[in-house]
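Student: the sequence and its predicted three-dimensional model are supplied below.
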Amino acid sequence: MDFIETLGNLGQKQRVRLSFDDGTVIETRVNQSVYTPGETLRLELASEQPQQYHRYRIRAHVEGDTWTPVRGEGYDRTGETWTDFGNLTKVTPMETYRTSKSSDMEAQEHTGDGELEKDRNV
């Protein structure tokens, strides 16, 4: 499983910890998730603590046949600008949650005890 699939499987309001290559680490809940396999991934997250950043967004998309690196940004409260955190290096889903399939309304359980980390030497 890679970052794209892990992030795409996160449910709304699920807690997640994300690390980026600039040293930024955020832990918060997913507000909105848009994932179209083979096309695009976008997560919107809100800051839960009074920090420098008001909200976060995580994005990647397919160019040709390859996913772009997953990148993160934070919306700066003071300057009202987006700050780039660089590429995602680690993702840790933090809890169990339930989702429903829209096609058959079958509930599925997902566990959030997994952790993925990208080898920086690749």
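Tutor: Received, thanks. Numbers count the residues shown, from 1 in each chain.
Student: wait, Thr24 touches Phe85, no?
Tutor: Yes - assessed by Cβ atoms under 8 Å, Thr24 is found in contact with Phe85 at 4.3 Å. For every residue, glycine as well, the C-beta is placed using N, CA and C.
Student: more neighbours: which of these two?
Tutor: Phe85 (23 against 18; other Cβ atoms under 10 Å).
Student: overlap in contacts, Thr24 and Phe85.
Tutor: Common neighbours of Thr24 and Phe85 (criterion: Cβ atoms under 8 Å, 6 or more residues apart in numbering): Gly72, Gly74.
Student: so where's this protein uncertain?
Tutor: 1, 50-51, 96-122 (pLDDT under 70).
Student: could you redo the last one with a cut-off of 50?
Tutor: 1, 99-122 (pLDDT under 50).
Student: just the helices in it please.
Tutor: Secondary structure of the chain by DSSP state H: the helices cover 3-8.
Student: please enumerate the strands of it.
Tutor: With strands called from DSSP state E, the chain shows them at 15-20, 25-36, 40-46, 53-63, 66-67, 71-76, 82-93, 97-100, 107-110, 116-117.
Student: now distance to Asn9 too, for those, in a markdown table please.
Tutor: Formatted as a markdown table, those follow (distance: least, Cβ to Cβ, whole Å):
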| stretch | distance to Asn9 |
| --- | --- |
| strand 15-20 | 11 |
| strand 25-36 | 8 |
| strand 40-46 | 11 |
| strand 53-63 | 14 |
| strand 66-67 | 15 |
| strand 71-76 | 18 |
| strand 82-93 | 8 |
| strand 97-100 | 9 |
| strand 107-110 | 7 |
| strand 116-117 | 12 |
